[in-house]
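Asker: Prediction below, plus the sequence it came from.
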Number of protein chains: 2
Amino acid sequence: MPRVGLTTDRVVAAAADLADAAGLENVTVSALARHFGVKDASLYTHVRNLQDLRVRVALLAGGELTDEIAAAVAGRAGKDALAAFADAYRSYALRHPGRYAATQIRIDPALVADSPALRRTAEITHGMLRAYGLTEPDLTDAVRLLRSTFHGYCALEATGGFGAARDVRASWDKVVEALHAALTHWPAGQRAEPDR
Amino acid sequence: MPRVGLTTDRVVAAAADLADAAGLENVTVSALARHFGVKDASLYTHVRNLQDLRVRVALLAGGELTDEIAAAVAGRAGKDALAAFADAYRSYALRHPGRYAATQIRIDPALVADSPALRRTAEITHGMLRAYGLTEPDLTDAVRLLRSTFHGYCALEATGGFGAARDVRASWDKVVEALHAALTHWPAGQRAEPDR
DNA sequence: CATGAAACCTAGGAGCCCTAGGAAAGAGGG
DNA sequence: CCCTCTTTCCTAGGGCTCCTAGGTTTCATG
C-alpha cells in the first residue's frame, strides 16, 4: 500500500479548505482522515489533537489575512488606506468563511505574542491611524474600534444577521465612511462619562 | 422513583445557565441529562434535538437582552440613550457569555421574523437614531454600524482578543463616543467610493 | 378507581476523539 | 543490493456524544 505522504502542513491546509467548504465546526479528525483515505489514528502523528489542529488553521488564516491586507494598504494613506484595509478584510472573510472563523477561537496569548502576522497587523493599523493624528491611549481605542466594527460586520453578515433589504456591500461602504468620520472627529477629553 | 418534572422551559433555562458557566460548546444533551439526574433519551421529549435546544437558548437570550436594553434606554435620548444602550448590551454579554454566544448562531429567518424581541430591538434602535436626523437607507446603515461594533467588541473581548494593556472598559467608553461622533458627522452623498 | 397522556426508561446504532502498541514503507549507508 | 533505522500508517479498543424505537411508570382527570 503506497503512502499518502502526509505532513502537518498538508493536514492543516486540508483542514482549512474543509473549514471554508463545510464550516469550521465540521472540521473533524475523521472527516480529514476520510479525505486523505487514511485512518483517524494516522493523523495524530502530524497534529496533537483537534484543538491543536484548529489553532494551526487559525494561525494560517491570520497570516494569509495579514498578507492580503498589507498588499491592499501598501502605498495608500488616510481614508484611501482605511477603505483598502476594510475591503481586503471583508473580502477575505467572505472568500474564506471557515478560515476566518478559525481566527476567532481562543488562542494561548503566548502563542499570539510571537506570531509575526499579528504583530504586523498591529503595525499596519497603527501606521494607518497615524494619518488621523491620534496618540496613545486613543490609538489603542481606535484600533479596537476598527477591529470591532470590521469583525462584527463580517460575523453578522456570515451568520445571516442582516435581514433588511438594503444591499450589504453598500452598507459596508457607508460604515467604512462613518468610521473615517469617527476618526476625523475623534472625541477629545480624558473622562468619557460626564455623569456618574 | 419520583419524577424530576421536566418541561421544555426548565430544560432550556438549565441549558442557558450551563452555557454561561461552561461555554456554549459544552451545552450537551448528556451534560444536561446528568444535571437533572436523568437519561439522555428523556430530554428528547422536551427538545427536538441539540440544534433545537440551542435555538431556544438563543431566543431566550435575545428576549432578555432586549428587555435589559429597553429598560436602560427608556426615558433617554441622543448620546445618553446611545451610551445606555451600549452599556446594557456589553453588560449582558459579559454577565451571560454563553447566552450571548447563543444569539450569534444561525437561525431560520422565518423564526427570527416573528420573534417579538428582535422587532422590538429594531424599534428601539431606530427610535434612538432618529435623534441624529438620519433617514433610509442611512438609518439601516447606521443600525448595522452599531450592531457590528457592539457585537464585534464583545466578541473580541470574550475571546481575549484585546491584548494591549489599555483598560477594556475605558476603551469601550471611547468607542461609544466615537460612534456618537460618527452618527453626528454622518457621511452624506449617494455613492460611497469616489474613485473606481 | 379506571384511563389516558405524559414523563421517563432500557437498548442500541452510529459517529467522534484519542491512546497504545505493532507493521510496513522508504531513505540512507555499507 | 541489502540492511537498518526512522517515520508513516495500521489495528484494536475505550469512552463520550447524539439520537431513535419502543416499553413502562407516574400522575391528573373524569
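Answerer: Looks like it arrived, so ask away. Numbering: from 1, shown residues only, chains lettered A, B, ... in the order given.
Asker: Backbone dihedrals for A:Arg144, please?
Answerer: When read as degrees, to the nearest 10, the backbone of A:Arg144 gives phi -70, psi -40.
Asker: contacting residues around it?
Answerer: B:Tyr153, B:Leu156, B:Phe162, B:Arg166, B:Ser171, B:Val175 (CB atoms under 8 Å, 6 or more residues apart in numbering or on different chains). Glycine gets a C-beta too; all of them are placed from N, C-alpha and C.
Asker: which residues touch the lengthiest helix in chain A?
Answerer: Identified as the longest helix of chain A according to DSSP state H is helix A:50-73. With CB under 8 Å, 6+ apart as the test, helix A:50-73 has contacts from A:8, A:11-13, A:15-16, A:19, A:24, A:27-29, A:32, A:47, A:81, A:84-85, A:87-89, A:91-92, A:96, A:98-100, A:102-103, A:105, A:107-108, A:111, A:115-118, A:120-121, A:124, A:128.
Asker: Is A:Gly161 in a helix, a strand, or coil?
Answerer: Following DSSP: H, G, I helix; E, B strand; the rest coil, we place A:Gly161 in the coil state.
Asker: Contact partners for it?
Answerer: With contacts defined as CB under 8 Å, 6+ apart, the neighbours of A:Gly161 are A:Ala155, B:Gln104, B:Arg147.
Asker: what's the one helix or strand A:Val12 maps to in contact with?
Answerer: Per DSSP states H and E: A:Val12 is located in helix A:8-22. The contact list for helix A:8-22 (CB under 8 Å, 6+ apart) reads A:26-27, A:31-32, A:35-36, A:43, A:46-47, A:53-54, A:56-57, A:60-61, A:95-99, A:101-102.
Asker: Any of the residues you listed buried? List them.
Answerer: A:27, A:32, A:43, A:46-47, A:53-54, A:56-57, A:60-61, A:96-99, A:101-102 (16 or more other CB atoms under 10 Å in any protein chain shown).
Asker: before we move on, back to that, DNA strand C next: which of the contacts of helix A:8-22 are close?
Answerer: Of the residues in those, proximity to DNA strand C by CB under 7 Å from any atom of the strand holds for A:Ala31.
Asker: so where's chain A uncertain?
Answerer: A:1, A:189-196 (pLDDT under 70).
Asker: Helices along chain A, start to end?
Answerer: For chain A, the helices defined by DSSP H cover A:8-22, A:29-36, A:50-73, A:78-95, A:97-102, A:109-113, A:116-130, A:138-158, A:168-184.
Asker: tell me which residues of the first one are tucked away?
Answerer: Within helix A:8-22, the residues that count as buried by 16+ other CB under 10 Å are A:Val11, A:Val12, A:Ala14, A:Ala15, A:Ala16, A:Asp17, A:Leu18, A:Ala19, A:Asp20.
Asker: Check stretch A:99-115 too.
Answerer: A:Arg99, A:Tyr100, A:Ala101, A:Ala102, A:Thr103, A:Gln104, A:Ile107, A:Val112, A:Ser115.
Asker: Max pairwise distance over these: which two?
Answerer: Spanning the widest gap among those are A:Ala101 and A:Ser115, at 17.7 Å by CB to CB.
Asker: DNA strand D contacts on chain A?
Answerer: Residues of chain A lying near DNA strand D (CB under 7 Å from any atom of the strand): A:1, A:3-7, A:37-42, A:45-46.
Asker: Buried among the residues you listed? Need that as a selection in PyMOL.
Answerer: Buried subset of the residues of chain A next to DNA strand D, written as a PyMOL selection, criterion 16+ other CB under 10 Å:
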select buried, chain A and resi 6+42+46
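Asker: Going by distance to DNA strand C, which of the residues of chain A next to DNA strand D wins?
Answerer: Within these, proximity to DNA strand C (CB to the nearest atom of the strand) peaks at A:Ala41, which comes in at 3.5 Å.
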